[in-house]
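next one to model:
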Amino acid sequence: MLGKGGEEYEGVRVTLSQGGAEQSLQTSTAGEFLFEQVAPGPFTLTFASQGFKLQTISGVLHPGEAFTLPNVVLGLRESVSEVRVSAEPQIEIAEQQIHLEEQQRILGFVPNYYVSYDSNPVPLTTKQKFKLAWRANYDPFNWLVNAGISGVQQATDSFKGYGQGMQGFSKRMGANTADNFFAVMIGGAILPSLFRQDPRYFYKGSGTVRSRIGYSFATTVICKGDNMRWQFNYSGILGGLAAGGISNIYYPSSSRSGATVMFEGAGIGLAGSAVQNLFQEFIIKKLTPGARRSDAP
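Alright, predicted model coming up:
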């Protein structure tokens, strides 16, 4: 009993079928086998071994004959490989990309986290979306901006219901911080996780000026899903509306906006996003020392 390449194989299962009856044995260390007391007549031999193709040989045994079978060469079975793509490498790549994004600062100090300059971006997990949102919310620069806005509001007596003095400043600071928190958490983590969308802006950086301008405007109403395909930006649009609606809870009653004003604010927010995307595409990358594109798979 020979296998591929002329090697002798032990343990090949040989089955003799004759007249509806079967008997089996295995080849010896020399690759040989012997069936005794076989009745004359037609017979079939089947050879089976793991990793080899099933092979069948038929013949006729005459009365008084000792049938000697020539060497049988078994062919290797075609292997069927099952390829499973693990999510772990993608998660690790996304972590590396987030790490780079958290180092992106315009002029070295203004955070620019929600922009991917990577030429081979991978989707974020829910955990990573929340991680990025928390990091953006608690960046010291945002607290300084909120404090500055609150100071200007107090100086111009905006939101009079908050009053003046340290108490008025604290209320304005709390409201501005809450505005930023809910906008980032809802539009950058909660809804993107529910809708399986990516909250980041993906830098194009190539093509004609006209195509890049169109891309900048289009990405205010479309975004990439976790499958890296473009789709309607439910997360960004609904996130703006939701954050505006929640703000009515903690703003003074005299300063609360109705539904009409809320939708108008959402429209203004979309226009602002379009302008921001335009700056991202043509200007901000040049002002962000940590920004770089990677061609690594």
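
what residues are up against Ser211?
Lys204 (Cβ atoms under 8 Å, 6 or more residues apart in numbering). Bear in mind the C-beta positions are built from the backbone N, C-alpha and C, glycine included.

before we move on, which element is Thr46 in?
With the criterion set as DSSP states H and E, the secondary-structure element containing Thr46 is strand 41-48.

now Lys92: how far from Thr46?
Actually, residue 92 is Glu rather than Lys. Taking Cβ to Cβ, to the nearest Å as the measure, Glu92 and Thr46 are separated by 49 Å.

direction included, what does the strand holding Thr46 pair against?
strand 13-18 (antiparallel), strand 55-61 (antiparallel) (DSSP bridges).

distance between that strand and the chain's centre?
Relative to its chain's centre, strand 41-48 lies at 54 Å (Cα atoms, centre = their mean, to the nearest Å).

center of this protein, which residue is that?
The residue lying closest to the centre of the chain (Cα atoms, centre = their mean) is Pro123, at 3.5 Å.

you'd agree it is up against Asp226?
Yes: judged on Cβ atoms under 8 Å, Pro123 makes contact with Asp226 at a distance of 4.1 Å.

now the common contact residues for the two.
With contacts taken as Cβ under 8 Å, 6+ apart, Pro123 and Asp226 have Asp198 as neighbours in common.

so which residues of the stretch 151-297 of the chain form helices?
If you assign secondary structure with DSSP state H, counting those that start in this stretch, the helices in the stretch 151-297 of the chain sit at 165-185, 191-195, 209-218, 234-250, 259-282.

any chance of those in JSON lines, plus mean pLDDT?
What follows is the helices of the stretch 151-297 of the chain, written out as JSON lines (pLDDT from 0 to 100):
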{"stretch": "helix 165-185", "mean pLDDT": "92"}
{"stretch": "helix 191-195", "mean pLDDT": "96"}
{"stretch": "helix 209-218", "mean pLDDT": "95"}
{"stretch": "helix 234-250", "mean pLDDT": "87"}
{"stretch": "helix 259-282", "mean pLDDT": "80"}
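
okay if I get these as JSON lines plus distance to Gln153?
Rendered in JSON lines, the data for these read as follows (distance: least, Cβ to Cβ, whole Å):
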{"stretch": "helix 165-185", "distance to Gln153": "5"}
{"stretch": "helix 191-195", "distance to Gln153": "28"}
{"stretch": "helix 209-218", "distance to Gln153": "31"}
{"stretch": "helix 234-250", "distance to Gln153": "14"}
{"stretch": "helix 259-282", "distance to Gln153": "17"}
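
tell me which of those sits nearest to Ser158.
helix 165-185 (7.7 Å; Cβ to Cβ).

list the helices and strands that closest one packs on?
Helix 165-185 sits against helix 126-137, helix 140-155, helix 234-250, with contacts defined as 3 or more Cβ pairs under 8 Å, 6 or more residues apart in numbering; DSSP states H and E.

quick one: distance of the longest one to the chain centre.
Here the centre of mass of C-alpha atoms in helix 234-250, compared against the chain's by Cα atoms, centre = their mean, lies 26 Å away.

highest mean neighbour count out of the strands paired with strand 41-48?
Mean neighbour counts were compared across the strands paired with strand 41-48 using mean count of other Cβ atoms under 10 Å; the top stretch is strand 13-18, at a mean of 16.

and that one, average pLDDT?
Per-residue pLDDT values across strand 13-18 average out to 89.

export it as CSV, just CAs?
C-alpha atoms of strand 13-18 as CSV (Å, rounded to 0.1, in the frame of the first residue of the first chain):
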residue,chain,number,x,y,z
ARG,A,13,-8.6,1.2,6.2
VAL,A,14,-9.3,-1.3,3.4
THR,A,15,-12.9,-2.5,2.9
LEU,A,16,-13.8,-5.6,0.8
SER,A,17,-17.3,-5.5,-0.6
GLN,A,18,-18.7,-8.7,-2.1
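
which residues touch that strand?
1, 22-27, 33, 35, 38-39, 41-49.

quick one, which of the residues you listed are buried?
Applying a neighbour-count criterion of 16 or more other Cβ atoms under 10 Å, the buried members of the contacts of strand 13-18 are Met1, Thr27, Phe33, Phe43, Leu45, Thr46, Phe47, Ser49.
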